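> Pasting the sequence and the predicted model now:
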Protein chains: 2
Amino acid sequence: MNSEEARFQMTKKHHKSTFLKAKKQGKMDLDFIPLCDFIAETKEFFTASCCAGRIALVGLGKNETKKESAFHRKWHRKVTLKEVKEGIDSFNGEVLWLKQEPFIFHIGTNSLENSTRILAACERAGTKRAGIKVAKKGKFLVEMVGTHNINIPLKEGTEIIDEKFLKYLVKKANEKFSVNKKALKKLEKEFKKSLK
Amino acid sequence: MNSEEARFQMTKKHHKSTFLKAKKQGKMDLDFIPLCDFIAETKEFFTASCCAGRIALVGLGKNETKKESAFHRKWHRKVTLKEVKEGIDSFNGEVLWLKQEPFIFHIGTNSLENSTRILAACERAGTKRAGIKVAKKGKFLVEMVGTHNINIPLKEGTEIIDEKFLKYLVKKANEKFSVNKKALKKLEKEFKKSLK
């Protein structure tokens, strides 16, 4: 085994054990487990950080920078109008956003060639936001992000959304949440076919 | 010159002439011209398709698929409430979304090593959504996308947003449009420093 391959094996082993630990502790998004289980058993691929998608209320400071942002509420499932309303009512910060965020997923591999196999599978599955983020000898990392999202400023000073429209937005966020899950399933199917 | 290098030179030449033609015809986003001019003069990089960001009303069909989507209105600048209202009022399709979309930009190069130089520059500029999309001998393509966006369903059947909240959303879309432009300027500065 050359040093490049040794490095890859070490990285894969590390990520596999992180995944198995998270799974055991119930910290894994259930929708990702079948795919991560599959990839953990391949020879040349591993999974790194992932999120299957979520609906969240994100509080931002006056400048709305990433640094100032903080989850006010976060759900890895569909939400009710009541839950969202409670979150809005109890928010005392500057600006509150409703976000339905798509999945984000990272697959690692050992070569540029295998990275392009991942990209090709993403394309076939219709996940067009995908790219190689890390390209080092023995460690390649592909990031893929879903495209179904909602991103709305909801509450700021005296600006407060009316309940009827909020109800509609919650319905749409739940709809998009499901569409995002379907896109993820498609990706899983494609990977199981092509990353053996 | 080997065949790989010849292929790269051909691709670079093609993209350079496409850019110069678009510039001459006034089809280029003005905010991108200084950066594209700079990159056109480098030896190892070229620019492919780009958009500096926009505000749009996008009409979707019943299933809200990409296939069914169509720009109902599109502005590469800030917008007025009046313009947006006119767009909403004249929409007769199924679902209308207000989108403030971030920049999307592609830089091509001749090697994996140069691709990672682009990625490193993106990271330093704070553009975290960046990755290598194409990795072939003689043709590497890095895609980068801004993270500042708004994405809101506005009108569907009898669901129509009230004017007060719409006014607020238009204000926010314009704000985010400016923040997106600043992020793009930062990227330009970083590329001018590191992609010589």
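Good, I have the coordinates. Treat the numbers as computed from the prediction; the structure is a model and nothing was measured. Residues are numbered from 1 along each chain as shown, chains lettered A, B, ... in the order given.
> tell me which parts of chain A are close to chain B?
Taking CB under 8 Å from any CB of the partner chain, the part of chain A that reaches chain B is made up of A:64, A:112, A:115-116, A:119, A:129-133, A:135, A:142-143, A:145, A:149-153, A:156, A:159, A:161-162, A:165, A:168-169, A:172, A:179. To be clear about C-beta, it is placed using only N, CA and C from the backbone, and glycine gets the same treatment.
> 7 Å instead?
Contact residues, chain A versus chain B (CB under 7 Å from any CB of the partner chain): A:112, A:115-116, A:119, A:130-133, A:135, A:143, A:149-153, A:159, A:161-162, A:165, A:168, A:172.
> Ramachandran angles for the residue nearest to residue A:115 when sequence neighbours are not counted?
In space, and not counting its chain neighbours, residue A:115 is closest to residue A:140: 4.4 Å by CB to CB, 6 or more residues apart in numbering or on different chains. With angles defined as degrees, to the nearest 10, residue A:140 sits at phi -120, psi 140.
> again with residue A:104
The phi/psi pair for residue A:104 (degrees, to the nearest 10) reads phi -140, psi 140.
> Settle this for me: it is touching residue A:149, isn't it.
No. Counting by CB atoms under 7 Å, residue A:104 does not reach residue A:149; the two are 10.9 Å apart.
> can you give me the end-to-end distance of stretch A:146-164?
Its start and end residues considered, stretch A:146-164 measures 28 Å (CA to CA, to the nearest Å).
> which residues are contacting that stretch?
With CB atoms under 7 Å, 6 or more residues apart in numbering or on different chains as the test, stretch A:146-164 has contacts from A:53, A:88, A:91, A:94-103, A:127-129, A:169, A:172-173, A:176, A:179-180, A:183-184, B:149-152, B:162, B:165, B:168, B:172.
> and that stretch, which residues are buried?
Buried residues in stretch A:146-164, counted by 16 or more other CB atoms under 10 Å in any protein chain shown: A:146, A:148-156, A:159-161.
> among those, which one has the lowest pLDDT?
Within the buried residues of stretch A:146-164, residue A:159 has the lowest pLDDT, namely 73.
> what's the burial count for residue A:131?
26 (other CB atoms under 10 Å in any protein chain shown).
> Quick check: closest non-adjacent residue to it.
residue B:131 (1.7 Å).
> for residue A:179, helix, strand, or coil?
Judged by DSSP: H, G, I helix; E, B strand; the rest coil, the three-state class of residue A:179 is helix.
> Contact partners for it?
When contacts are counted by CB under 7 Å, 6+ apart, residue A:179 touches residue A:148.
> do residue A:102 as well
A:53, A:145-149, A:180.
> any residues touching stretch A:128-140, and which ones?
With contacts defined as CB under 7 Å, 6+ apart, stretch A:128-140 is touched by A:4-5, A:7-8, A:11, A:108-112, A:114-115, A:119, A:122, A:141-145, A:147, B:112, B:115-116, B:119, B:130-133, B:135, B:143.
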